[in-house]
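Novice: Provided below for reference: sequence and predicted model.
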Amino acid sequence: ATAIAAGLVGYDSARAGGVFTFGGTGTNLYAVKLGLEKACPQAMRKGLREDVVILSSDVSHYCRYNIAGWLGVGTDNLVTVPSGPDNAIDIAALAQACRDVLSQGRKIACLVATMGSTDAFGVDDLEDIVALRDHLVQEFRLPYRPHVHADAVIGWAWSVFNEYDIEANPLGFRRRTLRALAGASRRLRHLGLADSVGIDFHKTGFAPYISSLFLVRDRADLALLHRQPEEMPYLYQFGHYKPGMWTLETSRGGAGVLAALANLKLLGREGWQAALGHMVEMTQLLREHLEGHESTTVLNRDNFGTVTLFRVYPPGVDTFEIKRQEFEDPAFREQLLRHNDYVRRVHDYVHAEALAGRGVMLSLTECYRHTAHGEPIVALKSFILSPFVDEEHVEAVVRKVLEARQHIQAPG
């Protein structure tokens, strides 16, 4: 499974290595730990004795707080870089943050590139991040290379489209779907540039929990985590494959590994293209339906995954203008807060109906993004992760949302 996944993301399968671990958080933890060992040699043995930081965007996964805390970096040493309207990290701001850190004599343990954020499927420009890292090594004459990790636990699956002929379109996707696939793939095709990649097969890999893979481009990096055999005298008396010599985990099951391998072999590249492409197609169809109603507006139309964030408004709101007004104009703060509450009420109704067996399950994010004046934007979230979703299900989502709106507006 490791070799197949390595080949998909653009690594040399013969050179790459990896380990299945306890979830997407585990993949990020391994990445930061490798980065610490590179920036602060022998930290595994001597502990952290230097001032180090982790850099990632403001929409990167919240597990960064756990990792910084548990590895002894400290959450105060997380440098959070703003993202742009497309939910990708601002490269200019990242460059400035890196230079500020290095100019202060601090070290960079890890640059985390978010390759498909959980909320909006924002995809960082990994190519630019790696180029920036390489330039900083030269500019500051660093004796180490800051580790670049691609947190692609969701986005990795788009690698199956790296060689898909968009023009010929052999699987017959709609043109809007093709544009969405191309929009995501233009950055996700560069995963092979990262020093490591995180993959969740239990997300876009259709495997049961837990099936997460931490991949490194060069398996020699894993030696930085190696323990001495004498520390485990009753183990590893035979065989050549001994991951327990360098993994965090000791006891582990094989179900996640086997599930990933089974799906990789069962579906193959074309099967994955068909399943993932269908989910993207249903996502685009949902957005088309939502944009066809005066009361709903899609927030992340420039992100091309299978997640859709949207807001619902009461009668009399101009949904062509309100998104910009709420985001940019402090004069609309009170309206924003009222509409945030309105979205929550829509969610509460839809959720209660779903629990009663009368509808669909949507989730809610309390902060899609902050406005220019610092307020959170609340949004409903549809995350299509089943290849069995069809247009009937999409229409059911829209019907239930509109029903919730009518229920809220009803007297009494």
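Specialist: Thanks, I have it.
Novice: When you work out contacts or count neighbours from here on, use the C-alpha atoms and nothing else.
Specialist: Will do.
Novice: if I read this right, Leu385 contacts Thr306, doesn't it?
Specialist: Yes: proximity of Leu385 to Thr306 meets the contact threshold set by CA atoms under 8 Å, at 7.1 Å.
Novice: For these two, list the residues in contact with both.
Specialist: Common contacts of Leu385 and Thr306 (CA atoms under 8 Å, 6 or more residues apart in numbering): Met279.
Novice: More neighbours: which of those two?
Specialist: Using other CA atoms under 10 Å as the criterion, Leu385 and Thr306 rank with Thr306 on top: 25 against 18.
Novice: Show me the helices in the protein, by range?
Specialist: Using DSSP state H, the helices of the chain run over 2-9, 24-39, 43-46, 63-70, 91-103, 126-139, 175-188, 201-204, 255-291, 322-328, 333-355, 391-409.
Novice: Return the most buried member of these.
Specialist: A comparison of the helices of the chain by mean neighbour count, using mean count of other CA atoms under 10 Å, puts helix 24-39 on top with a mean of 24.
Novice: which outside residues touch it?
Specialist: Taking CA under 8 Å, 6+ apart as the rule, helix 24-39 contacts 21, 43-44, 52, 54, 63-64, 67, 71, 107-110, 144-147, 149, 151, 153, 196-200, 212-214, 221-222, 224-225.
Novice: Tell me what angle that helix forms with helix 63-70.
Specialist: Orientation check (axes from the mean of the first three to the mean of the last three CA atoms, to 10 degrees): helix 24-39 against helix 63-70 gives 50 degrees.
Novice: pull the CA atoms of stretch 199-206 into PDB?
Specialist: The C-alpha trace of stretch 199-206 is given here as PDB (Å, rounded to 0.1, in the frame of the first residue of the first chain):
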ATOM      1  CA  ILE A 199      -2.900  10.400   3.600                       C
ATOM      2  CA  ASP A 200      -6.200   9.300   5.100                       C
ATOM      3  CA  PHE A 201      -7.700   6.300   3.400                       C
ATOM      4  CA  HIS A 202     -10.700   6.600   5.700                       C
ATOM      5  CA  LYS A 203     -11.600   9.900   4.000                       C
ATOM      6  CA  THR A 204     -11.200   9.900   0.200                       C
ATOM      7  CA  GLY A 205     -10.000   6.300   0.200                       C
ATOM      8  CA  PHE A 206     -13.300   4.700   1.100                       C
END
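Novice: Give the rounded mean pLDDT of it.
Specialist: For stretch 199-206, mean pLDDT rounds to 95.
Novice: For it, what is the distance to the chain centroid?
Specialist: 12 Å (CA atoms, centre = their mean, to the nearest Å).
Novice: repeat for stretch 258-266
Specialist: 22 Å.
Novice: which residues of the chain score low on pLDDT?
Specialist: 411-412 (pLDDT under 70).
Novice: Domain parsing of it, as residue ranges.
Specialist: 2-274, 292-409 (automatic domain parsing).
Novice: I figured Pro208 hits Ala259, correct?
Specialist: Yes: under the criterion of CA under 8 Å, Pro208 makes contact with Ala259 at 7.3 Å.
Novice: which residues sit in contact with the residue nearest to Gly69 when sequence neighbours are not counted?
Specialist: Once flanking residues are discounted, Gly69 sits nearest to Thr75: 5.7 Å by CA to CA, 6 or more residues apart in numbering. The contact partners of Thr75, taken as CA under 8 Å, 6+ apart, are Tyr65, Ala68, Gly69.
Novice: Ser56 is in contact with the second one, correct?
Specialist: It stands for Ala68. No: in this structure, Ala68 is not within contact of Ser56 by CA under 8 Å, at 11.8 Å.
Novice: which residues are in contact with both of these two?
Specialist: Common contact partners of Ala68 and Ser56 (CA under 8 Å, 6+ apart): Leu78.
Novice: my guess is Lys242 contacts Tyr236, does it?
Specialist: Yes: with contact defined as CA under 8 Å, Lys242 reaches Tyr236; the gap is 6.9 Å.
Novice: picking that back up, how about the helices of the chain in JSON lines, adding distance to Leu362?
Specialist: As requested, the helices of the chain are exported to JSON lines (distance: least, CA to CA, whole Å):
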{"stretch": "helix 2-9", "distance to Leu362": "31"}
{"stretch": "helix 24-39", "distance to Leu362": "22"}
{"stretch": "helix 43-46", "distance to Leu362": "43"}
{"stretch": "helix 63-70", "distance to Leu362": "23"}
{"stretch": "helix 91-103", "distance to Leu362": "33"}
{"stretch": "helix 126-139", "distance to Leu362": "31"}
{"stretch": "helix 175-188", "distance to Leu362": "22"}
{"stretch": "helix 201-204", "distance to Leu362": "17"}
{"stretch": "helix 255-291", "distance to Leu362": "13"}
{"stretch": "helix 322-328", "distance to Leu362": "21"}
{"stretch": "helix 333-355", "distance to Leu362": "7"}
{"stretch": "helix 391-409", "distance to Leu362": "8"}
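Novice: can you tell which of the ones you listed is closest to Arg369?
Specialist: Closest of the helices of the chain to Arg369 is helix 322-328, at 9.0 Å (criterion: CA to CA).
Novice: List the contacts of that closest one.
Specialist: Against helix 322-328 from outside (CA under 8 Å, 6+ apart): Thr297, Leu299, Phe332, Arg333, Gln335, Leu336, His370, Thr371, Ala372, His373.
Novice: And stretch 183-191, by the same measure?
Specialist: 9-10, 115, 123-127, 150, 155-156, 158-159, 161-162, 197, 303-305.
Novice: same question, stretch 334-348
Specialist: Here stretch 334-348 makes contact (CA under 8 Å, 6+ apart) with 311-314, 326, 362-364, 377-380, 401, 404-405, 408.
Novice: Tell me if I'm right that Trp272 and Val160 touch.
Specialist: Yes: shown here, Trp272 and Val160 form a contact pair, counting by CA under 8 Å, at 6.9 Å.
Novice: Glu249: neighbouring residues, count only.
Specialist: Glu249 has 12 nearby residues by other CA under 10 Å.
Novice: Please consider this matter closed, and thank you.
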